[in-house]
Each structure stands twice: as structure tokens, then as C-alpha cells.
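J.: Provided below for reference: sequence and predicted model.
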Amino acid sequence: MTTTAVSDRLLAWLREAGVAFQVLEHPPVRTSEEAAHVRGTRLEQGAKALVVRAEDRFVHCVLPAHLRADNAALRAIVGTRKLRFATPEELAALTGCVPGAVPPFGNLFGLPVLVDEALCANERVVFNAGSRGVSVTMRSDDLVRVAGATVCRFAVREASA
């Protein structure tokens, strides 16, 4: 298995929490679309994890892979006027992961977690587990509970060209 230190830590943590989950190994993926294809799951089931910097703090945001984060909604939720994505260097320092490998459990890294309500419409979700070649599938309500997440609304459809 192509696990990383983060993958191993995450899987041990989920086992300790008594959560039912399945591990899927697959060729490394770069996009949510590629991930859904190799996993054999719907794009909507993908839990895309983003880390944003809100002035002096970082926030972990999890949304369905077919949606994008609405910057204005996120700024209102976290109560800041400035918001930007974490740089790859900040992401590595905070999570030990490369972009696209971050699991949806910011609390593993000491970050508050926001989950978009649209993700909760799926009974099961799937996400990269600290590696672009290892995914986990589990119940969405377990993800929210174990992540200690706040469920809110900040995701919107991609603008069509």
C-alpha cells in the first residue's frame, strides 16, 4: 500500500474511534474527476478538503468534489475580510500532505473543520487519505462527527463557461 505517515496516522485514528471504513488503493490521482473514475464513485461523493488562511489562522473546509468554495460565504462564516488558499508550503507544514492528498479531518492537524451541508446529502463519502493513491470511504455522518465539524453552507456550483 502506498501510504504515508499521515495515511497511517489517519487509519489508526479512525480504527481507534471505532468508525467503519474501507481503504481503496489506486493509481495516484491529481483531480477530483480522476479520483472518482479510479474509485468507481460519483463525483458528488468525493470529500474535497481545502485549507484556507483567514488573516492569522487556518481553517479546514470540506465540500463535495463537484462544487467550489464560495469565497464570500466562507469569509462571512469565519468572520474575516481576507481569505486565501494555503500555499503548498503552508499545507505541507500544517498537514504533512501535498495538495490533493489532504484528508477531511483538519482536527488531526489542530484546525477547525467546516463541512458543507451538500456533502451530508451523501450517505457515504470518499476522500484521499494522506496520499494521492490511497482513499477511504465511510459514512458522511461519521466524518462530520469524528472531524468535530461545523456543518454550514459555503459551496456553489462551478460557473459554466
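T.: All right, it came through fine.
J.: What is the burial count for residue 59?
T.: 21 (other C-beta atoms under 10 Å). Backbone N, C-alpha and C define where each C-beta goes, glycine included.
J.: And the pLDDT at the residue nearest the centre of the chain?
T.: Centroid-nearest residue in the chain: residue 49, 2.4 Å away (criterion: C-alpha atoms, centre = their mean). Listed pLDDT for residue 49 reads 96.
J.: On the strand side of things, show who residue 68 bridges to.
T.: For residue 68, the beta-bridge partners are residue 156 (DSSP bridges).
J.: Can you report how many residues neighbour it?
T.: There are 16 residues near residue 68, going by other C-beta under 10 Å.
J.: For it, give its distance to residue 111.
T.: In this view, residue 68 and residue 111 are 20 Å apart by C-beta to C-beta, to the nearest Å.
J.: just residue 4 next, same as before
T.: On the measure of C-beta to C-beta, residue 4 and residue 111 end up 18 Å apart.
J.: Ok, residue 29 next?
T.: 23 Å.
J.: quick one: the strands in the protein?
T.: 21-25, 47-54, 57-64, 67-69, 84-85, 113-116, 124-131, 134-139, 150-152, 155-157 (DSSP state E).
J.: Of the ones you listed, give the one that comes closest to residue 95.
T.: Of all these, it is strand 47-54 that lies closest to residue 95, at 7.0 Å by C-beta to C-beta.
J.: For residue 136, give me its contacts.
T.: The neighbours of residue 136, taking C-beta atoms under 8 Å, 6 or more residues apart in numbering as the test, are 10-11, 14, 21-24, 103, 126-127, 129.
J.: Just name the closest of these to residue 85, please.
T.: residue 103 (17.0 Å).
J.: How many neighbouring residues does the closest one have?
T.: 30.
J.: try residue 145
T.: 12.
J.: Next, the distance between the ends of stretch 136-151.
T.: One end of stretch 136-151 sits 20 Å from the other (C-alpha to C-alpha, to the nearest Å).
J.: again with stretch 90-103
T.: End to end - C-alpha to C-alpha - stretch 90-103 spans 15 Å.
J.: Now do it: distance to the chain's middle.
T.: Put simply, stretch 90-103 sits 11 Å off its chain's centre (C-alpha atoms, centre = their mean, to the nearest Å).
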